[in-house]
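*Asks:* Everything below, folded, please.
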Amino acid sequence: MSIPIESVSNKVISPISLAHIVFRSANLQRQIDFWTLFLGATVVFQNDTLAFFQYDDEHHRIAFIADASAQPEQGGSKGARMYHVTFTFASLSDLVKAYKQRKALGVFPTWCVNHGMTTSMYYVDPDGNQIETQVDNFENPEEATEFMQGELFRENPLGTGFDPEDLDEKIRTGVEDSVLEKRVEIGPRLSPP
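*Replies:* All right, here's what the predicted structure looks like:
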């Protein structure tokens, strides 16, 4: 049952943070292995049915439930489901360092893109869940919102691809983050590669 907007007198109270995300998986151990590696996480609790991961000050941010019916995505299936989960890094240097660490462990991004408001690298876990790692490109949310409401974002809401090795080289040679965070404009783009 939907409530007509006119009957709502006040805005619903917003949460103060996103606490955690829970996935289902037919192969719990494979997901435990991947996510501890990917996030540098610690398994706080694990049994045959559940696993809870901690990587920051929250008691758990990611959890998995064993479910034999939860099969990995097949052949690019695009059914109704969560599209991706995103993790923010403090700096471009940290984003690239995490990329290099994952690369050394055989985990590679599937798409690297400067969306304008973020510089992002996307990955896929063993069950086909997409993971975005990002850095905010603006000093504050208001500046990011202003960019997203502007003509350049309207023309290209997806962003401009980049090579993470090239980004690493630029960081190592001292190019300022403020330069690297500025999106290269390529004109209209409405679908990912």
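
*Asks:* CA only for contacts and neighbour counts going forward, please
*Replies:* Noted.

*Asks:* can you pull out the helices in this structure?
*Replies:* 28-39, 92-104, 141-148, 151-155, 164-172, 177-180 (DSSP state H).

*Asks:* I62: which of those is closest?
*Replies:* helix 28-39 (8.7 Å; C-alpha to C-alpha).

*Asks:* could you give the mean pLDDT of the closest one?
*Replies:* Across helix 28-39, pLDDT averages out at 94.

*Asks:* For that helix, what is the distance to the chain centroid?
*Replies:* 16 Å (C-alpha atoms, centre = their mean, to the nearest Å).

*Asks:* What helices and strands are in contact with that helix?
*Replies:* Contact here means 3 or more C-alpha pairs under 8 Å, 6 or more residues apart in numbering; DSSP states H and E; on that basis helix 28-39 packs against strand 42-46, strand 50-54, strand 62-66.

*Asks:* residues contacting C112?
*Replies:* By C-alpha atoms under 8 Å, 6 or more residues apart in numbering, C112 lies in contact with T119, S120, M121, Y122, G161, F162, D163, P164.

*Asks:* Share the number of residues neighbouring P164, please.
*Replies:* P164: 19 surrounding residues under other C-alpha atoms under 10 Å.

*Asks:* Check A90 too.
*Replies:* A90: 10 surrounding residues under other C-alpha under 10 Å.

*Asks:* tell me the pLDDT at it?
*Replies:* pLDDT for A90: 92.

*Asks:* Please report the distance of it from A63.
*Replies:* 23 Å (C-alpha to C-alpha, to the nearest Å).

*Asks:* on that earlier part again, export the helices of the chain to TSV and append columns for distance to P188.
*Replies:* TSV is the format used below for the helices of the chain (distance: least, C-alpha to C-alpha, whole Å):
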stretch	distance to P188
helix 28-39	33
helix 92-104	26
helix 141-148	14
helix 151-155	5
helix 164-172	23
helix 177-180	21
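
*Asks:* Show me the shaky parts of the protein.
*Replies:* Low-confidence segments of the chain (pLDDT under 70): 1-9, 13, 73-81, 192-193.

*Asks:* and it, what are its domains?
*Replies:* Split into domains by automatic domain parsing, the chain comes to 16-69, 83-183.

*Asks:* that older thread, now the helices and strands packed on helix 28-39 as a markdown table including mean neighbour count?
*Replies:* As requested, the helices and strands packed on helix 28-39 are exported to a markdown table (neighbours: other C-alpha atoms under 10 Å):
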| stretch | mean neighbour count |
| --- | --- |
| strand 42-46 | 15 |
| strand 50-54 | 21 |
| strand 62-66 | 20 |
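
*Asks:* Alright, calling it a day.
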